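Q: coords below, sequence missing:
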């Protein structure tokens, strides 16, 4: 079963709005065993939309459309769909009542609807209306030449509710779908090509119904096994078998055998072992603390930390020696050592992370160019420091530093597991 997603709107094509709808829909379809064949974004142009619908009809069994259902003149999806199917527009009583209900809820009074608002209840006469509990634009389900078309609002929260509450259940009831099993292995510190070479024989031994995908991100690679079949139990066992072989082969680069963030994997482990953590950040400006504290339950592990850009705060909060800073500079092995050990001592945690560097785009010198970063991790028994040389892009340097620091913490935790 193949699907295509079409998002409509000039705002997507000029980069004013990021298309998060497609990613959400694709995840939901994939979870029920429907493969997304293609994702297309088209302009608010009738011919462009008609061409996209005709092309999708040739490629996919299910075509999901978002956008262009508002009450203004640039919202032309409904009229274009009616032309595509060769039908007229009719007023749907349920959709009209929903529009009236939405307006009463928003305004708190009963007012006569403007004609432009009433037009929200006009739909192609061959559609099945899917009511929108969070907005005035109804969803529209079409059965056409053995294909399913579903048009939904482009507003993300309206679309998400409609997909979860109506579209996915309706697709599952309409089609006999296979089981799909995903297994993700999170690795850190090794490149995609290195991993591919290391597990090449395992990948080559996969049956045709199990695929391995490499999903690289700064400093990380997710290895995702995906299997499709009719026997859920045997498929899951087979996926787990291959995943176990990969984990054993990759070794210490594996942080988690599930699809979670690096910091969440670390939090889970430290929480189980009742270990605590603090941070001392300079060039990352609190980004590491942000990554940690975005997860519920992080307070069980994370005591807190300091964002210490200035020499004065490094001295007063973390206990870095004045002579260390003036002799070696803020970006140095000596300074990051005193930062991480100061955090460990002053914040009274079991483990600590410290980072100091030049994120850019300026501030570099010939001896310490932009992208130079020192990272330290420590517990009561051991301190590890390492120098990194990243690029000249500030935001990438901040993210790379955070991932590298968390990986160093992961390795230190592994060393003291026993």
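A: On my side now, so go ahead. As the structure is a computational prediction, the values presented were derived from the model and not from experiment.
Q: Output the longest helix belonging to this structure.
A: Across the chain, the helix with the greatest residue count (assigned by DSSP state H) is helix 394-415.
Q: quick one: low-confidence parts of the stretch 151-300 of the chain?
A: The model of the stretch 151-300 of the chain has no residue with pLDDT under 70.
Q: Could I get the full set of strands for it?
A: 179-188, 210-217, 220-229, 254-256, 277-281 (DSSP state E, counting those that start in this stretch).
Q: sorry, back to before: taking the mean pLDDT, what do you get for the longest helix of the chain?
A: Mean pLDDT, helix 394-415: 95.
Q: can you check stretch 135-147 too?
A: Summarised as a single mean, pLDDT over stretch 135-147 is 94.
Q: picking that back up, how about the strands of the stretch 151-300 of the chain in a markdown table, adding mean neighbour count?
A: C-betas here are computed from N, CA, C, even on glycine. As requested, those are arranged in a markdown table below (neighbours: other Cβ atoms under 10 Å):
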| stretch | mean neighbour count |
| --- | --- |
| strand 179-188 | 20 |
| strand 210-217 | 14 |
| strand 220-229 | 19 |
| strand 254-256 | 22 |
| strand 277-281 | 28 |
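Q: how about those in TSV, adding distance to residue 129?
A: Conversion of the strands of the stretch 151-300 of the chain to TSV gives the following (distance: least, Cβ to Cβ, whole Å):
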stretch	distance to residue 129
strand 179-188	30
strand 210-217	38
strand 220-229	33
strand 254-256	44
strand 277-281	52
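Q: Which one, of these, ends up nearest to residue 197?
A: Minimum separation from residue 197 across the strands of the stretch 151-300 of the chain (Cβ to Cβ) falls at strand 210-217, 11.6 Å.
Q: packing partners for the longest helix of the chain?
A: In this structure, helix 394-415 packs against strand 179-188, helix 262-272, helix 287-293, strand 351-357, strand 372-378, strand 383-389, with contacts taken as 3 or more Cβ pairs under 8 Å, 6 or more residues apart in numbering; DSSP states H and E.
Q: what comes up buried for that helix?
A: Within helix 394-415, the residues that count as buried by 16 or more other Cβ atoms under 10 Å are 394, 397-413.
Q: now that helix and strand 277-281, what's the angle there?
A: In terms of direction (axes from the mean of the first three to the mean of the last three Cα atoms, to 10 degrees), helix 394-415 departs from strand 277-281 by 150 degrees.
Q: now the angle between strand 383-389 and helix 394-415, please.
A: Computed by the same axes, to 10 degrees, the angle between helix 394-415 and strand 383-389 is 150 degrees.
Q: and helix 394-415, how far from the chain's centre?
A: From the chain centre to the centre of helix 394-415 is a distance of 19 Å (Cα atoms, centre = their mean, to the nearest Å).
Q: quick one, that helix and strand 220-229 angle?
A: With the same axes, to 10 degrees as the criterion, the two stretches helix 394-415 and strand 220-229 enclose an angle of 80 degrees.
Q: quick check: angle from helix 394-415 to strand 179-188?
A: Note on geometry: by the same axes, to 10 degrees, helix 394-415 and strand 179-188 are set 90 degrees apart in direction.
Q: Now the residue nearest the centre of the chain: which helix or strand?
A: Nearest to the mean C-alpha position of the chain, by Cα atoms, centre = their mean, lies residue 23 at 8.7 Å. Residue 23 belongs to helix 21-31 when assigned by DSSP states H and E.
Q: buried sites along that helix?
A: Under 16+ other Cβ under 10 Å, the buried positions of helix 21-31 are 21-22, 24-26, 28-29.
Q: Which other helices and strands does that helix contact?
A: Here helix 21-31 touches strand 2-8, strand 35-42, strand 62-66, helix 156-162, helix 168-174, strand 179-188, going by 3+ Cβ pairs under 8 Å, 6+ apart.
Q: make it 7 Å
A: If contacts are counted by 3 or more Cβ pairs under 7 Å, 6 or more residues apart in numbering; DSSP states H and E, helix 21-31 sits against strand 2-8, strand 35-42, helix 156-162.
Q: before we move on, back to that, out of the buried residues of helix 21-31, which comes closest to residue 52?
A: Each of those was scored against residue 52 by Cβ to Cβ, and residue 22 proved nearest at 13.4 Å.
Q: ok, that closest one - contacts?
A: Residues in contact with residue 22 (Cβ atoms under 7 Å, 6 or more residues apart in numbering) are 5, 7, 39.
Q: quick revisit: can you pull the pLDDT of the residue nearest to the centre of the chain?
A: Looking at residue 23, its pLDDT is 96.
Q: Identify the spatial nearest neighbour of residue 258, chain neighbours not counted.
A: Setting aside the residues directly before and after it, residue 258 is nearest to residue 184 in space (Cβ to Cβ, 6 or more residues apart in numbering), at 6.4 Å.
Q: Residue 256 is in contact with that neighbour, correct?
A: No - contact criterion Cβ atoms under 7 Å: residue 184 and residue 256 do not qualify, at 8.3 Å.
Q: Quote the end-to-end distance of stretch 154-171.
A: The first and final residues of stretch 154-171 sit 20 Å from each other (Cα to Cα, to the nearest Å).
Q: Any buried residues in that stretch, and which?
A: Neighbour-count burial for stretch 154-171, with 16+ other Cβ under 10 Å as criterion, is recorded at 154-155, 158-163, 166-168, 171.
Q: Ok, stretch 232-252 next?
A: Under the neighbour-count rule (16+ other Cβ under 10 Å), stretch 232-252 has 235, 238-239, 242-243, 246-247, 250 buried.
Q: Put together TSV for those, with distance to residue 189 on each row.
A: Written out in TSV, the entries for these read as follows (distance: Cβ to Cβ, whole Å):
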residue	distance to residue 189
235	31
238	28
239	25
242	22
243	19
246	16
247	15
250	10
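Q: Closest to residue 195 out of those residues?
A: Distance to residue 195 across the buried residues of stretch 232-252 (Cβ to Cβ) is lowest for residue 250, with 6.6 Å.
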